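Novice: got a sequence here, can you model it:
(2 chains)
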Amino acid sequence: DVVMTQTPVSLSLAIGQPASISCKSSQSLLGTSGKTFLNWILQRPGQSPKRLIYQVSKLYSEVPDRFSGSGSETEFTLKISRVEAEDLGVYYCWQGTHFPHTFGAGTKLELK
Amino acid sequence: QVQLKESGPGLVQPSETLSLTCTVSGFSLTSYSVSWVRQPSGKGPEWMGRMWYDGDTAYNSALKSRLSISRDTSKNQVFLKMNSLQTDDTGTYYCTRVTTEGPYFDYWGQGVMVTVSS
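Specialist: Numbers count the residues shown, from 1 in each chain, chains lettered A, B, ... in the order given. A predicted model of the protein is given here:
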């Protein structure tokens, strides 16, 4: 199975500060279609996960443009240009290229 | 609008079988696939398996011997059955919609908490 490794485990940031989360996979996530199925989700406290980014860098329509995703093959990054209060929660990367799909252990974003 | 809602027993005895239902609305099960994902408390999610739009299934190999996913398209429902439950099967179980553009989960249900305990 593909192992997804996220760092850091937690982030404590003030409103307005930038955030960066790393996600590394044990195998390349470039699929035979030429697409890379690396996705990000956010789980706010007490809620089910919500979609954020798909295919490395594509934002869902409701996601603010302060979020961005980048990377290729085995190394990926989620960035928030300026953290806002509604951004707190646990961020997970997960891969859909290989079966079984696998998730990272999560990065908890807390407000300082 | 698109909705998914899980239902099932909150408490299951060890060695018993878990049966969950995912009732969907706002889309057709013959056009979209549905996956089951579970999450132990305080841990990352685990993909369990998928019911494809064409009726085929895919399972996580770690669970395949215990897991069965089926559906009733007339009732807009997807079912999960997993036998031989143990305490480490405790967690929140979600169903998710898989987009037609690729293996992305664009909608998640609210989840159902399942505790395995005697």
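Novice: distance of residue B:17 from residue B:116?
Specialist: 11 Å (CB to CB, to the nearest Å). In this view, the C-beta of every residue, glycine as well, is placed from N, C-alpha and C.
Novice: for those two, list the residues in contact with both.
Specialist: Residues touching both residue B:17 and residue B:116 by CB atoms under 8 Å, 6 or more residues apart in numbering or on different chains: residue B:85.
Novice: of the two, which one has the most company?
Specialist: Using other CB atoms under 10 Å in any protein chain shown as the criterion, residue B:17 and residue B:116 rank with residue B:116 on top: 18 against 13.
Novice: hmm, that one is touching residue B:91, no?
Specialist: No: Residue B:116 lies out of contact with residue B:91 (CB atoms under 8 Å); the separation is 9.1 Å.
Novice: give me the element the most centrally placed residue in chain B is part of.
Specialist: The centre of chain B sits closest to residue B:36, judged by CA atoms, centre = their mean, with a distance of 3.0 Å. Assigned by DSSP states H and E, residue B:36 belongs to strand B:33-39.
Novice: next secondary structure after that strand?
Specialist: Next element after strand B:33-39 (DSSP H and E): strand B:46-51.
Novice: so what touches that following strand?
Specialist: A:94, A:100-103, B:29, B:33-40, B:57-60, B:63-64, B:67, B:69-71, B:78, B:80, B:82, B:93, B:98.
Novice: hmm, 7 Å instead?
Specialist: A:100-103, B:33-39, B:57-60, B:63, B:67, B:69, B:71, B:78, B:98 (CB atoms under 7 Å, 6 or more residues apart in numbering or on different chains).
Novice: and for stretch A:40-47?
Specialist: A:49-53, A:69, A:78, A:89-94.
Novice: low-confidence bits of chain B, can you list those?
Specialist: Within chain B, not a single segment meets pLDDT under 70.
Novice: close to chain A: what parts of it are there?
Specialist: B:44-47, B:58, B:60-61, B:94, B:102-106, B:108-111 (CB under 7 Å from any CB of the partner chain).
Novice: mark which of those residues are buried, thanks.
Specialist: Buried by 16 or more other CB atoms under 10 Å in any protein chain shown: B:44-47, B:58, B:60, B:94, B:103-106, B:108-109, B:111, out of these.
Novice: and those residues, which is closest to chain A?
Specialist: If you rank these by distance to chain A using CB to the nearest CB, residue B:103 comes first, at 3.0 Å.
Novice: the closest one in helix, strand or coil?
Specialist: Secondary structure assignment for residue B:103 (DSSP: H, G, I helix; E, B strand; the rest coil): coil.
Novice: go on, residue B:5?
Specialist: strand.
Novice: what's across from it in the sheet?
Specialist: residue B:23 (DSSP bridges).
Novice: so how many other residues sit close to it?
Specialist: Residue B:5 is flanked by 15 other residues according to other CB under 10 Å.
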